[in-house]
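Enquirer: Take a look and give me a structure for this.
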Amino acid sequence: MENVLRRVTSYVKTVSIVFLVLETILGLVVGGIIGALIDAPTYPVLLIIPLVISLPMFLALLCVKAFAQASFPAAAVEELQARCELDSVKKDVARKRTIDGYIEAAIRSLNLQTCSLTQEQMNDLCERNIEDGLRSVIGPVIQLPNYILDCNRSDFTIGAYLVYSLLPSDPNRHELDWVSNIFVLRDDFGLGIYITPDLVDDQEASGTRFELRNALQKTHNHQKYFESVFPHEEADYTIVTSPIPQVCEGDYLTGVLFIVAKKLDSVPEDVERVLLIFGRILANWLSKYDDCNWGKLRAR
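Expert: Residues are numbered from 1 along each chain as shown. Have a look, this model is predicted:
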């Protein structure tokens, strides 16, 4: 709607300029002829014929202009634009309130899983599948990323690259080791075949895998939020990558949170702040998870 109004406003301005130019030209012509006739001792045909032609044209132009302005007042367009801007502000406020609710829910989930736990609960935390833990802590990012990115998309690929975490080194959880891994928590695009645990260290990556690796590496190396666009299967995609900081704000990252969507025209300015908040929440849960596993490792 806003784009339509913008185009209509541009069209009205263009038409108004055209009317003004024609009105000025015809006014000068008619005025010049009338002035010449007043000064002339007689009424020469060479002046009367142009006057007979140009004067009706000038009057017709004025009538058309008046009709156009009456039928399509610019004030109506300006009022509609103001309403669209007001609706946009209301939508933005509602979106921010929704996101604040998501953040509150994520913090509550984190607290339930990590605050004042008994030894038995701590052991349960360790035994829990890490992917399930990640999903429970940042559920809103995984389930409703369209609100966070303020877009009408329904398909996303979302995951977390953990740079260094105490994870099982075998499927049976018999051994624990400090390893890096990438967890794909939602994959509507089927990009999981490219996002393997060794992605970030793959120096021979190409195509889509190369683009994904570069996006994760960029945030990992610079410890900053980034947005980029990459091609995949004859379509363009936007990937946003956000740092997962260390709990104590060290010089290294805990990991990188990423979201992939079909190409977005723009990303809201607050997405960087929102994803960083979820990154901090994730970092706190991972710290507790690592502490739990480290305690088990030392007990052995």
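
Enquirer: ok, which stretches of the chain are helices?
Expert: 2-39, 45-71, 74-114, 119-127, 130-137, 139-143, 145-149, 207-222, 271-299 (DSSP state H).

Enquirer: From residue 256, how far out is residue 161?
Expert: Distance of residue 161 to residue 256, computed by C-beta to C-beta, to the nearest Å: 4 Å. For the C-beta atoms, the positions are set from N, CA and C on the backbone; glycine is no exception.

Enquirer: can you list residues touching both of those two?
Expert: Common contacts of residue 161 and residue 256 (C-beta atoms under 8 Å, 6 or more residues apart in numbering): 216, 220.

Enquirer: quick revisit: which one of the helices of the chain has the poorest average confidence?
Expert: Lowest mean pLDDT of the helices of the chain: helix 119-127, a mean of 58.

Enquirer: low pLDDT regions in the stretch 151-300 of the chain?
Expert: 165-179, 248-251, 294-300 (pLDDT under 70).

Enquirer: all strands for it, in order.
Expert: 157-168, 176-187, 226-232, 235-245, 253-262 (DSSP state E, counting those that start in this stretch).

Enquirer: Deepest-packed of the ones you listed, please.
Expert: A comparison of the strands of the stretch 151-300 of the chain by mean neighbour count, using mean count of other C-beta atoms under 10 Å, puts strand 253-262 on top with a mean of 24.

Enquirer: Residue 56: neighbour count?
Expert: 11 (other C-beta atoms under 10 Å).

Enquirer: where's it relative to residue 152, distance?
Expert: 53 Å.

Enquirer: Repeat that for residue 256.
Expert: 26 Å.

Enquirer: same check, this time on residue 134
Expert: 26 Å.

Enquirer: So for these two, which residue has more residues nearby?
Expert: residue 134 (22 against 6).

Enquirer: and residue 194, what are its phi and psi?
Expert: phi -90, psi -20 (degrees, to the nearest 10).

Enquirer: Is it correct that it is in contact with residue 212?
Expert: Yes - the pair residue 194 / residue 212 is scored as a contact, 5.7 Å apart, by C-beta atoms under 8 Å.

Enquirer: And these two? Which one has more around it.
Expert: residue 212 (28 against 20).

Enquirer: check contacts around the more buried one.
Expert: When contacts are counted by C-beta under 8 Å, 6+ apart, residue 212 touches 191, 194, 195, 199, 230, 239, 260.

Enquirer: Show me the protein divided up by domain.
Expert: 2-72, 94-299 (automatic domain parsing).

Enquirer: ok, residue 183 touching residue 162?
Expert: Yes - assessed by C-beta under 8 Å, residue 183 is found in contact with residue 162 at 7.2 Å.

Enquirer: Now distance to residue 25 too, for the strands of the stretch 151-300 of the chain, in CSV please.
Expert: Putting the strands of the stretch 151-300 of the chain into CSV (distance: least, C-beta to C-beta, whole Å) gives the following:
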stretch, distance to residue 25
strand 157-168, 60
strand 176-187, 63
strand 226-232, 48
strand 235-245, 48
strand 253-262, 50
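
Enquirer: Out of those strands, the one nearest residue 22 is which?
Expert: Set against residue 22 and scored by C-beta to C-beta, the strands of the stretch 151-300 of the chain come closest in strand 235-245, at 44.4 Å.

Enquirer: partners of that closest one, with directions?
Expert: In the sheet, strand 235-245 lines up against strand 226-232 (antiparallel), strand 253-262 (antiparallel) (DSSP bridges).
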